[in-house]
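> here is my input; please provide its structure:
(one chain, ligands or ions: 1)
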Amino acid sequence: MSSQAIPRATSLADKTWGLDSLTQARFSFDSKTTAATILTVVISLLILEQIVYRTKKAHLPGDKWTIPVIGKFADSLNPTLENYKRQWYSGPLSCVSVFNIFIVIGSSNKMARKILNSPNHAEPCLVASAKKVLDPNNWVFLHGKVHADYRKALNVLFTQKALSIYLPIQERIYREFFKEWASHKGSRPMMMPMRDLNMETSLSVFVGDYITPENKKLVNKLYWDITTSLELVNFPLAIPGTKVYNAVKARKVVMKYLESSAAQSKVRMADMQNEPECLLDEWTRAMILSKNGNSEEAKLLSREYSDNEIAMVVLSFLFASQDAMSSALVYSFQLTADHPEILEKIREEQMRVRGGDLDAPLTLDLVEDMVYTRAVVKEVLRYRPPVIMVPYLTTRNFPITEDYTVPKGSMVIPAFWNSLHDETCFPEPDKFMPERWLPNEDGSEPLAESKPQNYLVWGSGPHKCIGPQYAGMHLAATLGTASVLLDWEHHRTKDSDEVKVIAAIFPKDEFIATFSERASQ
Ligand code: HEM
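This next block holds a predicted model:
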């Protein structure tokens with residue numbers, strides 16, 4: 001090897017140390033020594049990496065050694081439910097390392113809730129790339145009182161009054177999409193068409209007509225770049241060509257549309273003659289009305305939220321809801337196709353609550369009456385929870401149990417699967433059984449409701465999901481309406497029961513199905 005990389009002082013003209021003699025030092029290059037030095041440094045770093053990993057791991061289950069530098073990166077590129085389950089059932093706490101990020105997973109109900117409810121020790125980081133992708137200033141990264149105040153102000157967007165404005169918008173979109181699904185010749189993977197239905201519904205509910213139909217399509221397309229970049233661990237640098245780079249670019253464009261919508265809504269709602277027609281309108285009107293109010297909520301709302309702040313909230317709603325809702329929708333249709341007797345019961349209930357009138361507009365009361373359909377939705381979310389875990393980051397050493405402290409700067413991940421498959425309240429947990437959510441014959445609460453702390457579908461603690469009412473209404477209304485308008489057939493493949501993870505979980509074959517209008521129509 002001829003390259004001479006590291007200059008080494010090999011002799012001095014005289015043996016006295018000083019600036020003069022130093023400048024006279026003759027440097028020569030010794031390639032063997034250079035190679036040896038590099039090798040020593042590399043080996044030392046690799047040994048150090050293992051020592052640090054072993055020290056952090058302590059007695060937790062997990063690999064004894066970590067793969068140098070990349071750790072379990074290969075697994076995180078191709079996550080499978082089987083691999084995850086192996087990890088979750090290896091102990092209430094277990095660990096892995098990916099790109100030298102030390103990750104502790106809390107899979108028992110106690111550990112998962114402890115992580116979610118310890119805001120002084122851990123805060124959500126969503127996924128490693130989330131701050132870059134969503135903008136570090138996004139409200140979801142706030143903490144403590146500022147965050148709690150923000151949430152209180154946002155509650156106005158999910159009141160019964162607000163939800164009743166959203167429902168007709170949703171129903172109009174379902175019916176349009178169902179027509180398209182039924183007119184499609186032959187079977188196809190339904191994950192993307194169902195994602196499109198969700199995106200169209202979310203955008204129309206959130207920003208109404210402030211974004212044109214063409215631009216909604218563009219936002220939908222751009223948002224896919226955001227979704228695919230939100231892997232648990234991504235290539236760490238946002239350099240051109242990487243998913244994170246594309247996602248940041250997409251977010252900037254999406255934000256422009258959302259900011260413009262917020263500005264238009266403020267103007268339209270300032271005129272009291274105009275009625276609120278979407279979530280943005282609910283917010284901007286509430287801001288105007290609360291200017292003179294004295295309640296705590298009025299004070300929180302009366303602050304002037306900028307177009308940028310409002311747009312970031314809507315972006316966070318899209319981020320938080322889009323993939324989880326698409327996952328829930330896909331599994332709702334797949335599981336009901338695989339269990340025709342359950343679909344039949346949904347149909348019976350839908351015909352009953354709608355009084356046989358399939359054109360009657362949906363109302364919140366009607367959705368409330370759909371007891372069985374809502375039990376199906378609850379079971380879909382338990383059986384295939386869209387969000388299987390939520391990454392948090394420790395902000396200081398976190399003594400999570402008496403004998404283990406998660407080091408500061410580690411990722412700490414509550415995993416929900418074990419809680420939702422706990423046979424003490426969900427007997428035969430791997431069976432899809434909506435009946436488990438219905439009251440017992442004597443009217444008492446079913447066993448499934450006996451440990452509400454186990455139902456971690458929406459998380460827990462200060463960052464618990466803000467949209468369960470909206471999500472539950474959307475899922476029951478979509479499935480219920482589809483059940484009376486459509487027939488659908490699932491074309492099962494060997495991958496139908498396998499799971500892939502794209503932020504949320506989906507059937508690996510993306511649910512291949514055929515839809516047709518119901519013969520009785
Ligand atoms: C089936 C649908 C959904 C599921 C399974 C789901 C699940 C979750 C989970 C597990 C979390 C993390 C909770 C935690 O850290 O403790 C979360 C947070 C959140 N979700 Fe949802 N979600 C859904 C739909 C929605 C919808 C429709 C919206 C808004 C319209 C929404 C808005 C949010 C927001 C804003 C947060 C962050 C809250 C905060 O940091 O304070 N989600 N969701």
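
> what residue ranges in this structure score low on pLDDT?
Scanning the chain for pLDDT under 70 picks out the ranges 1-29, 70-71, 73-77, 126-128, 231-236, 294, 302, 520-521.

> quick one, strands of it?
Defined through DSSP state E, the strands belonging to the chain, from first to last, are 8-11, 26-28, 93-98, 101-106, 122-124, 188-189, 392-394, 398-401, 404-406, 411-414, 486-490, 499-502, 504-507, 512-517.

> may I have the third one exported as PDB, CA atoms only?
It stands for strand 93-98. Included here for strand 93-98 are C-alpha records, laid out as PDB according to Å, rounded to 0.1, in the frame of the first residue of the first chain:
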ATOM      1  CA  LEU A  93     -39.000  -5.500  28.900                       C
ATOM      2  CA  SER A  94     -36.500  -6.500  26.200                       C
ATOM      3  CA  CYS A  95     -34.000  -4.600  24.100                       C
ATOM      4  CA  VAL A  96     -32.400  -4.300  20.700                       C
ATOM      5  CA  SER A  97     -29.900  -1.900  19.100                       C
ATOM      6  CA  VAL A  98     -30.300  -0.300  15.600                       C
END
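
> any idea which helix is longest in this structure?
In the chain, with assignment by DSSP state H, the single longest helix is helix 307-338.

> mind checking if stretch 408-419 is in reach of the ligand?
No: judged by CB under 6 Å from any ligand atom, stretch 408-419 stays clear of the ligand, getting no closer than 7.2 Å. For the C-beta atoms, the positions are set from N, CA and C on the backbone; glycine is no exception.

> centre of the chain to that stretch, how far?
14 Å (CA atoms, centre = their mean, to the nearest Å).

> so who does residue 157 touch?
When contacts are counted by CB atoms under 8 Å, 6 or more residues apart in numbering, residue 157 is found next to 279, 282, 283.

> excluding its backbone neighbours, what's nearest the last one?
Of all residues beyond its chain neighbours, the one nearest residue 283 is residue 157 (5.9 Å), with distances taken as CB to CB, 6 or more residues apart in numbering.

> what would the strands of the chain look like in a markdown table with mean neighbour count and distance to residue 67?
Formatted as a markdown table, the entries for those read as follows, by neighbours: other CB atoms under 10 Å; distance: least, CB to CB, whole Å:
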| stretch | mean neighbour count | distance to residue 67 |
| --- | --- | --- |
| strand 8-11 | 11 | 34 |
| strand 26-28 | 10 | 39 |
| strand 93-98 | 23 | 8 |
| strand 101-106 | 24 | 13 |
| strand 122-124 | 23 | 26 |
| strand 188-189 | 17 | 34 |
| strand 392-394 | 22 | 22 |
| strand 398-401 | 17 | 25 |
| strand 404-406 | 20 | 21 |
| strand 411-414 | 25 | 17 |
| strand 486-490 | 17 | 39 |
| strand 499-502 | 18 | 21 |
| strand 504-507 | 24 | 25 |
| strand 512-517 | 18 | 36 |
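
> can I get those strands in TSV with distance to residue 139?
Written out in TSV, the entries for the strands of the chain read as follows (distance: least, CB to CB, whole Å):
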stretch	distance to residue 139
strand 8-11	55
strand 26-28	57
strand 93-98	28
strand 101-106	25
strand 122-124	12
strand 188-189	35
strand 392-394	17
strand 398-401	24
strand 404-406	26
strand 411-414	21
strand 486-490	38
strand 499-502	24
strand 504-507	21
strand 512-517	38
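
> how about the residues of the chain by the ligand?
Taking CB under 6 Å from any ligand atom as the criterion, the contact residues of the chain with the ligand come out as 116, 124, 140, 151, 316-317, 320-321, 324-325, 328, 386-387, 390, 457-461, 463-467, 470-471.

> out of those, which end up buried?
For those, burial is judged from neighbour counts taken by 16 or more other CB atoms under 10 Å, and it is met by 116, 124, 140, 151, 316-317, 320-321, 324-325, 328, 386-387, 390, 457-460, 463, 465-467, 470-471.

> report the buried residues of the longest helix of the chain.
Going by 16+ other CB under 10 Å, helix 307-338 has these buried residues: 307, 309-337.

> chain center to that helix: distance?
Between the centre of helix 307-338 and the centre of its chain there are 8 Å (CA atoms, centre = their mean).

> surely residue 325 and residue 199 touch.
No: using CB atoms under 8 Å, residue 325 is not in contact with residue 199, being 9.3 Å away.

> which residues in the stretch 1-150 of the chain form helices?
With DSSP state H, counting those that start in this stretch, the ranges of helices along the stretch 1-150 of the chain come out as 19-23, 31-57, 73-77, 81-88, 109-116, 130-134, 144-154.

> packing partners for the longest one?
Spelled out, it's helix 31-57. Helices and strands touching helix 31-57, by 3 or more CB pairs under 8 Å, 6 or more residues apart in numbering; DSSP states H and E, are strand 93-98, strand 101-106.

> gap between that helix and the chain center?
On the basis of CA atoms, centre = their mean, helix 31-57 sits 37 Å off its chain's mean C-alpha point.

> tell me which residues of that helix come out buried.
If you call a residue buried by 16+ other CB under 10 Å, then helix 31-57 has these buried ones: 34, 49, 53, 56, 57.

> mind putting those in TSV, distance to residue 436 included?
Rendered in TSV, the data for those read as follows (distance: CB to CB, whole Å):
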residue	distance to residue 436
34	68
49	47
53	42
56	40
57	38
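
> which one among those residues gets closest to the ligand?
Taking CB to the nearest ligand atom as the measure, the ligand lies nearest residue 56 of these, at 23.3 Å.

> got a list of what residue 307 touches?
Residues in contact with residue 307 (CB under 8 Å, 6+ apart) are 259, 260, 262, 263, 266.

> quick check: the gap between the first one and residue 280.
To tie it back to what came earlier, the one meant is residue 259. Distance of residue 259 to residue 280, given as CB to CB, to the nearest Å: 11 Å.

> so which of these two has more stuff around it?
The residue with more neighbours, out of residue 259 and residue 280, is residue 280; 28 against 19, by other CB atoms under 10 Å.

> report the contact partners of that one.
Residue 280 makes contacts with 206, 207, 208, 210, 261, 262, 265, 310, 314, as judged by CB under 8 Å, 6+ apart.
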